[in-house]
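Peer 1: take a look and give me a structure for this.
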Amino acid sequence: MQFQNRASTQDAAAPASILTLSSALRKEADRLLAEVDPVMARIIADNGPCTLEPEARRSPFESLVRAIVHQQLHGAAAKAILGRLLALFPDEGFPKPVDFGAVPDDALRSAGLSAAKIVSLRDLAEKARKGVVPGPRKIRSLPDEAIVERLTQVRGVGRWTVEMLLIFQLGRADVLPVDDFGIRNAIAKAYGLPTLPKPKEALLRGEIWRPHRTVAAWHLWNSVNGEAKV
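Peer 2: Now for the predicted structure:
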């Protein structure tokens, strides 16, 4: 309880679900995580301080377009397809939701997009136009679960995709993506588990890390891979 109470005093005016990462918060999270969990203390000592810096320049729409394009593809292939997709909008910066309505399916297919991804992108554009997918300012006022509920309404967008946005775009401080294989693999190795924990088991184990589960996740990724996923 002491762990949770200390963290909550950092931002008394806002709910914990809208606590966002900062240099001071990362430092405090490292300290508190090490205090409440000896295994995490060892991981933090090996990793060094958390250096996670959210990339906040992209809109939710742009982030999800990129996520959909990258699904089930290696980085180089996804980058090439994304480049061809953006070339369909030569007079724009990143295309806006309304712009997708002017591009026929044949053009999207020629960029290398599968039929399923075309459907997903059109659904994303429609939900962005209707406000289901919020804009950059609105999304910052929404709690984490409200964002998950909204964005997973988009065809082809699951909870894991939204959690990556919460961590790496919005810098939300208390996200533990237990559907991520890397997180569960790191937990199994760090805590000496005989098998990979199921998501619910990983979620329960992570309760002790609240409200700094994002920093805990970063350290778990680093404990296995040497660097956090982006």
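Peer 1: residue nearest the centroid of this structure?
Peer 2: Met164 (1.2 Å; CA atoms, centre = their mean).
Peer 1: surely that residue touches Pro177?
Peer 2: Yes - the pair Met164 and Pro177 qualifies as a contact (CB atoms under 8 Å) at a distance of 7.1 Å. (C-beta placed from N, C-alpha, C; glycine too.)
Peer 1: next one: the residue nearest to the centre of the chain from Leu82, what distance?
Peer 2: 16 Å (CB to CB, to the nearest Å).
Peer 1: got the domain ranges for this structure?
Peer 2: 2-54+174-225, 60-168 (automatic domain parsing).
Peer 1: where exactly do the helices run in the protein?
Peer 2: 2-8, 23-36, 38-47, 60-70, 75-87, 105-110, 115-130, 136-139, 144-151, 159-168, 181-190, 199-205, 213-225 (DSSP state H).
Peer 1: so which of the ones you listed is the most packed in?
Peer 2: Among those, helix 213-225 has the highest mean neighbour count (mean count of other CB atoms under 10 Å), at a mean of 24.
Peer 1: please name every helix or strand in contact with that one.
Peer 2: Packing partners of helix 213-225 (3 or more CB pairs under 8 Å, 6 or more residues apart in numbering; DSSP states H and E): helix 23-36, helix 38-47, helix 181-190.
Peer 1: change it to 6 Å
Peer 2: The contact analysis (3 or more CB pairs under 6 Å, 6 or more residues apart in numbering; DSSP states H and E) places helix 213-225 against helix 38-47, helix 181-190.
Peer 1: for Pro90, give me phi and psi.
Peer 2: Note on Pro90: backbone dihedrals following degrees, to the nearest 10 are phi -70, psi -20.
Peer 1: how many residues are close by it?
Peer 2: Counted with other CB atoms under 10 Å, the neighbours of Pro90 add up to 6.
Peer 1: gap between it and Asn225?
Peer 2: Applying CB to CB to Pro90 and Asn225 gives a distance of 37 Å.
Peer 1: which residues of the protein score low on pLDDT?
Peer 2: 1-17, 226-230 (pLDDT under 70).
Peer 1: can you pull the contacts of Phe168?
Peer 2: Residues in contact with Phe168 (CB atoms under 6 Å, 6 or more residues apart in numbering) are Pro54.
Peer 1: just to revisit the earlier point, and the helices of the chain: which comes nearest Pro97?
Peer 2: helix 115-130 (3.9 Å; CB to CB).
Peer 1: so which of the helices and strands packed on helix 213-225 is nearest Asp105?
Peer 2: Going by CB to CB, the one of those nearest Asp105 is helix 181-190, 33.1 Å.
Peer 1: before we move on, the earlier item: with distance to Asp99 added, can I get the helices of the chain in CSV?
Peer 2: Listed next are these as CSV, based on distance: least, CB to CB, whole Å:
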stretch, distance to Asp99
helix 2-8, 42
helix 23-36, 37
helix 38-47, 42
helix 60-70, 11
helix 75-87, 11
helix 105-110, 12
helix 115-130, 8
helix 136-139, 17
helix 144-151, 20
helix 159-168, 21
helix 181-190, 35
helix 199-205, 37
helix 213-225, 33
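Peer 1: quick check: which of the ones you listed is nearest to Phe94?
Peer 2: Across these (criterion: CB to CB), the nearest stretch is helix 60-70, sitting at 4.9 Å.
Peer 1: kindly calculate the angle that that closest one makes with helix 115-130.
Peer 2: 180 degrees (axes from the mean of the first three to the mean of the last three CA atoms, to 10 degrees).
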